[in-house]
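J.: give me coordinates for this.
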Amino acid sequence: MKLLFIGITALALTAPVSAKLPAPNDAAKAQAAETAAKAAHTGKLEAYQLCKVQGKVATRTKKAASKPAVKGKKGEPVSTCVDPGAFVYVPAAAASAPIAAKVVIFMKGTPDFPQCGFSAQTVAALNACKANFHAVNIF
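T.: Okay, the predicted model is just below:
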């Protein structure tokens, strides 16, 4: 009897947990892509820092073994480490922007339905100049 009660209680508690989550919206997908890009950049930065430290250790080991170390411009050992630079995120929509248009506008909304006053004024100015432009919706 106790076993039956425990089984029914466990089933009742796990039923709400097995509910299906809704699909993520476009903003959540974009944020997940940016987070993944930041994590990848952090991995590259950590590998670069590790490479620099390993180079210093190798130089000290060579000096201790009394072998001449290969020196760079400032007396530092020559390194094959590549600095990844600062993190710059480029959304997928921006990376796929067509090259045919000389002007690309990153705006809130679309040229037909802008989502803010600045975007509307910019599109109106570009249309008044009859400029060939491509719009990328940042939302």
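
J.: which residues touch the residue nearest to the spatial centre of the chain?
T.: The centroid of the chain falls nearest to residue 37 when counting by Cα atoms, centre = their mean (2.4 Å). Residues near residue 37 by Cβ atoms under 8 Å, 6 or more residues apart in numbering: 87, 89. C-beta coordinates here come from the backbone N, C-alpha and C atoms, glycine included.

J.: got phi/psi on it?
T.: Taking degrees, to the nearest 10, you get phi -70, psi -40 for the backbone angles of residue 37.

J.: tell me which residues of stretch 32-47 come out buried.
T.: Buried residues in stretch 32-47, counted by 16 or more other Cβ atoms under 10 Å: 37, 41.

J.: and that stretch, how far from the chain's centre?
T.: Put simply, stretch 32-47 sits 6 Å off its chain's centre (Cα atoms, centre = their mean, to the nearest Å).

J.: element containing residue 51?
T.: Under the criterion of DSSP states H and E, residue 51 resides in helix 26-64.
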